[in-house]
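Q: Fold the following and give me the result.
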Amino acid sequence: MTSRAAGVYYDPYDVDIHADPYPVFRRLREEAPLYYNEPYDFYAVSWFDDVERGFADRETYISGRGSVLEAIKNDMPVPPGFFIFEDPPRHTVHRGLLSRVFTPKRMNALEPQVRRFCAAALDRLASADEIDFVADLGAQMPMRVIGMLLGIPEADQEGVRSRSDAHLRTEPGQPRDYSVQTVTGEEFAGYVDWRREHPADDLVTELINAEFEDETGAVRTLTRDEVLVYVNLLATAGNETTNRLIGWTGKLLSDHPDQRRALVADPSGIPNAIEEILRYEPPAPHVARCTSRDVELHGRRIPDGSAVLFLVGAANRDDRRFPEGDRFDVGRRFGHHLTFVYGAHFCVGAALARLEGRVALEELLARFPDWEVDMDRAELASTSTVRGWETLPASLN
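A: Numbers count the residues shown, from 1 in each chain. Prediction:
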């Protein structure tokens, strides 16, 4: 259970496993549905039902120590407002503020702007014979969208995205250096301070002015530090995960040209295709929690205070929930996947990510119905929290 000699071994920092974790995920589901890694001192859960129940049980599997393994193991202090690393009542209050803004209706109303950003990125390639799904689209369109929402000037957006990417990068095979400095958002201080003096129709202004009742019962507005944390979280999440989704869209539909051609012939299948891409290659293949009590699972005990990795990438391919789970099928019908987590911590930006993924694929197929990824030049990003492409060039046939 704890070593390579004992059988299946899972290490989230192992470069070879990171390149293709799914054979190990399948073995974990079959041989060790509750797995313990002794070198890094964490448990891992891989069955869909176990992961779903774990996400829903926020009293047993808490987020207040972090949702990233390195943060839990380093006992990182959590600044107020970094709500993905919070438990009730603070999480309820801080998430509630964003829920006012990130409603599906409001996000879907952004479609014309999202489509315009996407078209601008792709129209530059009109006479090109190659596209890089990361550099040309994945790193461009989400950056413009989140920059528009936050009111970040277009000239500064590339720098914001680069800094967000740098926060997530690791040395190959090494844990991330996760510290409170990476989440405080001090690099956004200039934008926030400017908006205090010059309000506008953007999310930063809304955050500055929003009144709410905090966990103590006091009615107040967010502090400057809380606004900075919110902006940093939104800028990082808004850029990184949708970038990965677009990269996997290019890769999977290159690997399955018949399914790509089916979507060209009938674009009505694109929304379901995005769900299948999200299921099949979740940008965040694992999410961490910390136990608040002893837990019995699969006849074994997880001690109080243990780090637990919920393996979303394994759960999303569990044959118990998704027949032939390792088979990619844009026509697959299913209830829900766990890519956006489940329960109280369900991703507040899910509607926006789905919108961006759908629009990106619609605009891609309308212009470039045929492509083939050049795997000799493709490169996976080195991170420990998300999984996707650093570069993904493809020929446009």
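Q: Is the residue nearest the centre of the chain in a helix, a strand, or coil?
A: Nearest residue to the geometric centre of the chain (C-alpha atoms, centre = their mean): Thr241, 4.0 Å. Using DSSP: H, G, I helix; E, B strand; the rest coil, the structure places Thr241 in helix.
Q: Hmm, it is touching Pro282, no?
A: No. With contact defined as C-beta atoms under 8 Å, Thr241 does not reach Pro282; the gap is 9.1 Å. (C-beta placed from N, C-alpha, C; glycine too.)
Q: could you say what helices and strands whatever helix or strand Ala351 lives in packs with?
A: Using DSSP states H and E, Ala351 falls within helix 350-367. On a contact count with 3 or more C-beta pairs under 8 Å, 6 or more residues apart in numbering; DSSP states H and E, helix 350-367 meets helix 104-108, helix 111-123, helix 141-150, helix 224-255, helix 257-265, helix 270-280.
Q: any weak-confidence spans in the stretch 101-250 of the chain?
A: 161-183 (pLDDT under 70).
Q: Which residue, other than its chain neighbours, is closest to Asp75?
A: Arg65 (7.1 Å; C-beta to C-beta, 6 or more residues apart in numbering).
Q: ok but that neighbour is inside a helix, no?
A: No. Assessed with three-state DSSP, Arg65 is coil; it does not lie in a helix.
Q: what's it in contact with, if anything?
A: 71-72, 75, 85, 290 (C-beta atoms under 8 Å, 6 or more residues apart in numbering).
Q: For it, report the pLDDT, please.
A: On pLDDT, Arg65 comes in at 90.
Q: What separation do you get for it and Pro23?
A: 30 Å (C-beta to C-beta, to the nearest Å).
Q: Likewise for Phe102?
A: Going from Phe102 to Pro23 by C-beta to C-beta gives 36 Å.
Q: between the two, who's got more neighbours?
A: Phe102 (19 against 11; other C-beta atoms under 10 Å).
Q: where does that one land in three-state SS?
A: coil.
Q: what's the nearest residue to it if we skip its chain neighbours?
A: Distances taken as C-beta to C-beta, 6+ apart place Val348 nearest to Phe102, at 4.8 Å, with adjacent residues excluded.
Q: That neighbour: neighbour count?
A: Here the count is done by other C-beta under 10 Å, and Val348 has 21 residues near it.
Q: and Arg301, what element?
A: strand 300-302.
Q: Same question for Arg27.
A: Counting by DSSP H and E, Arg27 is found in helix 22-31.
Q: Show me which residues of that helix are buried.
A: Using 16 or more other C-beta atoms under 10 Å as the test for burial, helix 22-31 gives 22, 24-29.
Q: In TSV, list those residues along with distance to Arg116 and pLDDT.
A: As requested, the buried residues of helix 22-31 are exported to TSV (distance: C-beta to C-beta, whole Å; pLDDT from 0 to 100):
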residue	distance to Arg116	pLDDT
Tyr22	36	98
Val24	42	98
Phe25	39	98
Arg26	42	98
Arg27	46	97
Leu28	43	98
Arg29	43	98
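Q: Neighbours of Phe212, how many?
A: By other C-beta under 10 Å, neighbour count at Phe212 equals 14.
Q: which residue sits closest to it, ignoring its sequence neighbours?
A: Nearest non-adjacent residue to Phe212 (C-beta to C-beta, 6+ apart): Leu97, at 5.9 Å.
Q: Distance of Glu206 relative to Val348?
A: In terms of C-beta to C-beta, Glu206 sits 14 Å off from Val348.
Q: try Pro21
A: Applying C-beta to C-beta to Pro21 and Val348 gives a distance of 26 Å.
Q: number of nearby residues for the closest residue to Ser254 other than its chain neighbours?
A: Residue nearest to Ser254 in three dimensions, not counting chain neighbours: Val373, with 4.1 Å by C-beta to C-beta, 6+ apart. Neighbour count of Val373, defined by other C-beta under 10 Å: 22.
Q: same thing with the one 3 residues further on?
A: Using other C-beta under 10 Å, Asp376 has 6 other residues around it.
Q: Next: Ala128.
A: 12.
Q: show me the contacts for it.
A: Residues in contact with Ala128 (C-beta under 8 Å, 6+ apart) are Leu396.
Q: Would you mind confirming that the residue nearest to Phe102 is in contact with Pro104?
A: No. Counting by C-beta under 8 Å, Val348 does not reach Pro104; the two are 10.9 Å apart.
Q: Find residues that contact each of those two.
A: The overlap between the contact sets of Val348 and Pro104 (C-beta under 8 Å, 6+ apart) is empty.
Q: Starting from the strand holding Arg301, tell me which strands it pairs with and how they run.
A: strand 295-297 (antiparallel) (DSSP bridges).
Q: Tell me the buried residues in the strand it pairs with?
A: So strand 295-297, judged by 16+ other C-beta under 10 Å, has buried residues 295, 297.
Q: Contacts for that strand, please.
A: 34, 45, 50, 60, 301-302.
Q: Now pLDDT, neighbour count and distance to Arg115 too, for those residues, in a markdown table please.
A: Supplementary listing: the contacts of strand 295-297 in a markdown table, determined by pLDDT from 0 to 100; neighbours: other C-beta atoms under 10 Å; distance: C-beta to C-beta, whole Å:
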| residue | pLDDT | neighbour count | distance to Arg115 |
| --- | --- | --- | --- |
| Leu34 | 98 | 21 | 45 |
| Val45 | 98 | 28 | 39 |
| Asp50 | 98 | 20 | 39 |
| Thr60 | 97 | 18 | 43 |
| Arg301 | 97 | 11 | 52 |
| Ile302 | 98 | 21 | 46 |
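Q: need the residues you listed in a markdown table with distance to Thr383, can you?
A: Converted to a markdown table, the contacts of strand 295-297 look like this (distance: C-beta to C-beta, whole Å):
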| residue | distance to Thr383 |
| --- | --- |
| Leu34 | 26 |
| Val45 | 21 |
| Asp50 | 25 |
| Thr60 | 28 |
| Arg301 | 32 |
| Ile302 | 26 |
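Q: nearest to Phe133, of those residues?
A: Among the contacts of strand 295-297, Val45 lies closest to Phe133 (C-beta to C-beta), at 31.5 Å.
Q: The closest one against Ala307, yeah?
A: No. In this structure, Val45 is not within contact of Ala307 by C-beta under 8 Å, at 11.5 Å.
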